[in-house]
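Participant: pasting a predicted model and its sequence here:
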Amino acid sequence: MSRLDIIDLGYLVSAVLFIMGLKGLGRPRTAPRGNLLGAAGMFLAVLVTLLNQDILTYTMLALALAIGTAIGAVLALKVKMTSMPELVALFNGFGGGASVMVAAASFIEAVDLNAHTTQISVAAAVTAFIGAITLTGSMIAFGKLKGSLKWSGFPGLSLLRAASLLVAIPLAVLLVMQPENQGWLWALVAAGFILGVLGTVPIGGADMPVVIALLNALSGVAASTTGFVLDNPLLIIAGSLVGASGLVLTQVMCKAMNRSLLEVLFTAAPTGSSSGDDDYGDGVTATSGEEVAMLLEIAKRVVIVPGYGMAVAQAQHAVRDLMVKLEASGVEVVFGIHPVAGRMPGHMNVLLAEAEIDYELLFDMDQINPTFARTDVTIVIGANDVVNPAARTDPDSPIAGMPILDVDHSRTVVVIKRSLSPGFAGISNPLFVADNALLYFADAREAVLEIVAALHEG
């Protein structure tokens, strides 16, 4: 068997592992195994790639590996779990930027050697544009998620976005027709950079989970088209899997917000004008850690609904302590996860996994909603719009029709919040004044720890 045959066989096995890994990631029970299969596939792909000396020398590969490992180690040690959405945005951008550089270098080399084809030219044009959009769009998303970028655009921005897209089309055609003119390539990259910035700047924090999923899909598409430039079937397959799964996830996020992708990209998220305390008067019933502990001592079933407030307070480990204490007393404890809770797809799942909470205890919206009616106590930790019953009961609400977690159907709802400030939608939440609702005003971590301490004392 020749070296090329070994490489092709290795790529084939890697592709199968990627597909099996992606399938495994679809369910909590098989997600760890799916992750390992995907990692094994990438490890095998790297090993067989080392057999191809036409790509890079071992010295260059070792240098790149050392630099990447150093950067990854620093990020792993420095980045907190609360900053994971920003890190994911950066990774998406790095993927897009890498695709642009690799495709551009390979395209220029092919032109210089007079070995370019129409396929290579078209693929290079698509990669240059989409990869550039992904890079700058992800950087803008990073700034917005971090809170360091407040700019939301200017009058006429929509027209400029449309112009950037329209200009890109003839640039791509010119690049295919005149591949020897590298200026068209870099002009196309510049158009992608501009569109990435202008396309992401006006999108608010409420829509960020959709944006993160979409940018992930675009990074996959850019990687796939880079595979056509390099004539690398594994890169085509891997990029296609990432792109397709990212698009599916984007659709899931849009459905969970009751908004189409076009609405997310071109219109602001629906908002109200609630300021908080004045909307509720004396209707709110406040509670304390001791009172909540007394409720939990007689409960048989408890549902915990995490939100972004849990992430900000880094309360996931305290939540696990509460779960362990309740389970030791014979209480059934499960978690209700809304698709857009947090700042990125799967944000709550990642935080709870870090606290070593079993995936089997995490239920999505369709699974958990029918069970609230037989739940003794539901504890909402830092969530707002995703538990707002106005989405279900008020047709005039800005979030009308948005699927929510029906926590108000529980016998008792305990909402842990620092204040009565509204969520991203900026509207009041009738849950807070419901007869079966108690509000615990405190930092999420401190509140949960106080409840745990009261349970120990009891």
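Facilitator: Sure, I can see it.

Participant: how about low-confidence regions in the stretch 51-200 of the chain?
Facilitator: Counting by pLDDT under 70, the low-confidence segments of the stretch 51-200 of the chain come to 53-56, 81-82.

Participant: mind listing the helices for it?
Facilitator: Applying DSSP state H, counting those that start in this stretch to the stretch 51-200 of the chain gives helices spanning 58-78, 84-112, 118-146, 157-177, 182-200.

Participant: quick one: the strands in the stretch 251-400 of the chain?
Facilitator: 301-306, 332-337, 362-364, 377-381 (DSSP state E, counting those that start in this stretch).

Participant: direction included, what does the shortest one pair up with?
Facilitator: Applying DSSP bridges, strand 362-364 is found paired with strand 332-337 (parallel).

Participant: and the contacts of the strand it pairs with?
Facilitator: Residues from elsewhere that reach strand 332-337, judged by Cβ atoms under 8 Å, 6 or more residues apart in numbering: 300-306, 323, 326-327, 348-349, 352, 357, 361-365, 368-369, 371-372, 378, 405, 407. Just so you know, the C-beta spots here come from the backbone N, C-alpha and C atoms, and that holds for glycine as well.

Participant: how far away from the center of its chain is that strand?
Facilitator: 21 Å (Cα atoms, centre = their mean, to the nearest Å).

Participant: quick check: angle from that strand to strand 377-381?
Facilitator: On the basis of axes from the mean of the first three to the mean of the last three Cα atoms, to 10 degrees, strand 332-337 is oriented at 40 degrees to strand 377-381.

Participant: and strand 332-337, C-alpha only, in CSV?
Facilitator: Provided in CSV are the C-alpha atoms of strand 332-337 (Å, rounded to 0.1, in the frame of the first residue of the first chain):
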residue,chain,number,x,y,z
GLU,A,332,-36.2,14.1,42.9
VAL,A,333,-34.1,16.9,41.3
VAL,A,334,-34.0,17.6,37.6
PHE,A,335,-33.1,20.6,35.5
GLY,A,336,-35.2,22.4,32.8
ILE,A,337,-33.0,23.9,30.1
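
Participant: any idea which of the strands of the stretch 251-400 of the chain scores lowest on pLDDT?
Facilitator: Ranked by mean pLDDT, the strands of the stretch 251-400 of the chain end with strand 362-364 in last place, scoring a mean of 91.

Participant: on that earlier part again, just the buried members of the contacts of strand 332-337?
Facilitator: 301-306, 323, 326, 348-349, 352, 357, 362-365, 368-369, 371-372, 378, 405, 407 (16 or more other Cβ atoms under 10 Å).

Participant: map the structural domains onto the sequence of the chain.
Facilitator: 1-78, 93-266, 277-457 (automatic domain parsing).

Participant: to Glu86, which of these lies closest?
Facilitator: domain 93-266 (4.6 Å; Cβ to Cβ).

Participant: centre of the chain versus that closest one, how much separation?
Facilitator: Relative to where its chain is centred, domain 93-266 has its mean C-alpha point 17 Å off (Cα atoms, centre = their mean).

Participant: start and end of that domain, how far apart?
Facilitator: Its start and end residues considered, domain 93-266 measures 21 Å (Cα to Cα, to the nearest Å).

Participant: test my guess that Ala213 contacts Gly246.
Facilitator: Yes - under the criterion of Cβ atoms under 8 Å, Ala213 is in contact with Gly246, at a separation of 5.8 Å.

Participant: the more surrounded of these two?
Facilitator: Ala213 (27 against 22; other Cβ atoms under 10 Å).

Participant: name the element the more buried one belongs to?
Facilitator: helix 208-230 (DSSP states H and E).

Participant: that helix vs helix 118-146, what angle?
Facilitator: 160 degrees.

Participant: send me helix 208-230 as CSV with only the CA atoms.
Facilitator: This file holds the C-alpha atoms of helix 208-230, laid out as CSV (Å, rounded to 0.1, in the frame of the first residue of the first chain):
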residue,chain,number,x,y,z
MET,A,208,-26.5,36.5,20.3
PRO,A,209,-27.2,32.7,20.7
VAL,A,210,-28.5,32.7,17.1
VAL,A,211,-25.5,34.8,15.9
ILE,A,212,-23.0,32.4,17.5
ALA,A,213,-24.7,29.4,15.9
LEU,A,214,-24.8,31.1,12.5
LEU,A,215,-21.1,32.1,12.7
ASN,A,216,-20.3,28.5,13.6
ALA,A,217,-22.1,27.4,10.5
LEU,A,218,-20.2,29.9,8.4
SER,A,219,-16.9,28.8,9.7
GLY,A,220,-17.8,25.2,8.7
VAL,A,221,-18.8,26.4,5.2
ALA,A,222,-15.5,28.3,4.8
ALA,A,223,-13.6,25.2,5.9
SER,A,224,-15.5,23.0,3.4
THR,A,225,-14.8,25.3,0.5
THR,A,226,-11.1,25.4,1.5
GLY,A,227,-11.2,21.7,1.1
PHE,A,228,-12.1,22.2,-2.6
VAL,A,229,-9.2,24.6,-3.0
LEU,A,230,-6.8,22.1,-1.5
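
Participant: what is that helix packed up against?
Facilitator: When contacts are defined as 3 or more Cβ pairs under 8 Å, 6 or more residues apart in numbering; DSSP states H and E, helix 208-230 sits against helix 84-112, helix 118-146, helix 233-257, helix 261-266.

Participant: any idea which of those gets closest to Ala447?
Facilitator: helix 84-112 (22.5 Å).

Participant: report all helices and strands that that closest one contacts.
Facilitator: Checking 3+ Cβ pairs under 8 Å, 6+ apart, helix 84-112 ends up next to helix 118-146, helix 182-200, helix 208-230, helix 347-354.

Participant: now those in CSV, with distance to Val74?
Facilitator: Compiled in CSV, the helices and strands packed on helix 84-112 are given as follows (distance: least, Cβ to Cβ, whole Å):
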stretch, distance to Val74
helix 118-146, 16
helix 182-200, 25
helix 208-230, 21
helix 347-354, 19
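
Participant: pick the most buried one from these.
Facilitator: Highest mean neighbour count of the helices and strands packed on helix 84-112: helix 208-230, a mean of 26 (counted as mean count of other Cβ atoms under 10 Å).

Participant: of all the strands of the stretch 251-400 of the chain, which one is nearest Ile19?
Facilitator: strand 362-364 (23.2 Å).

Participant: which residues sit against that closest one?
Facilitator: In contact with strand 362-364 (Cβ under 8 Å, 6+ apart) are residues Pro28, Val334, Phe335, Gly336, Ile337, Pro339, Asn349, Leu352, Thr371.
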